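A.B. asks: Just to be clear, the model below is a prediction. Sequence and coordinates:
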Amino acid sequence: MRTRETMILAVSAALVAGCANKYDAVTPELQASMMSDLRAGKLNLDCGLKCKLTWESQASAVHTLDVAERWPDLATKVMQIGYGSDLAYYYLGQSAQGLGYHQAAIGYYTYSAAISSGSDALLQCAAGRTASGDPCQGVDLAQSIPVLVQASRDALDKEKADEEAQAAAATPAVVHRRRHKTATPAPQPDWATPPPPPSSASPASDSSGWATPPAAK
């Protein structure tokens, strides 16, 4: 019995000693990389059991960042700890959605739902322990995630509609103007019209150009 207690204490001590973050410190360069990963929707919360206790001890502080809508700080904190629980990916979805990265948000929410309904209880917040007594921080993943996913899908549809409207507005309109036909003038003959023949009543004239008086009766 004593041996069993000793082993349990040893394991507990090892877990406490191994309580850690994925990253000890977050430099500006690392934070920029984290934000890039968030926008791309990368699933890189790969710190295992050694980060579990850190996550559970920091869950309340993480939730406070979520409530305050401090999206970059929330994403940075979750990625710094690096524990890939269903609640952690939910918070990444919240951060991505709050920053307008809707495609990434859908990916994070979907992955969170998959973990929550999966077989690995260690990654499910409902099976965890926190100082506040509520390991899921009041978040009902099963109820919240479908609503949030639909909200991001609606936002993507609106973005697409707005882009199409802007493209249509930028395209110059083609004006079809009616052409009026101009009447073609009749062709003119290329010969001169001869003068009318002299009338028989016209006075005679000689070559001198003056008129000959009529003969006396």
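C.D. replies: Yep, that arrived.
A.B. asks: Could you pull up the mean pLDDT of the helix or strand Ala32 falls within?
C.D. replies: Using DSSP states H and E, Ala32 sits within helix 28-40. Averaged over helix 28-40, pLDDT sits at 97.
A.B. asks: Now do the helices in the chain.
C.D. replies: 2-17, 28-40, 52-67, 71-81, 86-98, 102-116, 141-170 (DSSP state H).
A.B. asks: who does the fifth one touch, helix- and strand-wise?
C.D. replies: To tie it back to what came earlier, the one meant is helix 86-98. Contacts defined by 3 or more Cβ pairs under 8 Å, 6 or more residues apart in numbering; DSSP states H and E place helix 86-98 against helix 28-40, helix 52-67, helix 71-81, helix 102-116, helix 141-170. Quick note: C-beta positions are derived from backbone N, CA and C, even for glycine.
A.B. asks: Redo these as CSV? Include distance to Cys125 and mean neighbour count.
C.D. replies: Output for the helices and strands packed on helix 86-98, formatted as CSV (distance: least, Cβ to Cβ, whole Å; neighbours: other Cβ atoms under 10 Å):
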stretch, distance to Cys125, mean neighbour count
helix 28-40, 20, 14
helix 52-67, 8, 18
helix 71-81, 13, 22
helix 102-116, 8, 21
helix 141-170, 8, 13
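A.B. asks: With Tyr89 as the reference, name the closest of those.
C.D. replies: Among the helices and strands packed on helix 86-98, helix 102-116 comes nearest to Tyr89, with 3.9 Å by Cβ to Cβ.
A.B. asks: Next up, the contacts around Tyr23.
C.D. replies: 30, 79-80, 82 (Cβ atoms under 8 Å, 6 or more residues apart in numbering).
A.B. asks: how about a cut-off of 10 Å?
C.D. replies: Residues near Tyr23 by Cβ atoms under 10 Å, 6 or more residues apart in numbering: 30-31, 34, 47, 76, 79-82.
A.B. asks: that older thread, turn the helices and strands packed on helix 86-98 into JSON lines, columns for distance to Tyr90.
C.D. replies: Shown next, in JSON lines, are the helices and strands packed on helix 86-98 (distance: least, Cβ to Cβ, whole Å):
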{"stretch": "helix 28-40", "distance to Tyr90": "14"}
{"stretch": "helix 52-67", "distance to Tyr90": "9"}
{"stretch": "helix 71-81", "distance to Tyr90": "9"}
{"stretch": "helix 102-116", "distance to Tyr90": "4"}
{"stretch": "helix 141-170", "distance to Tyr90": "6"}
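A.B. asks: Great, nothing more from me.
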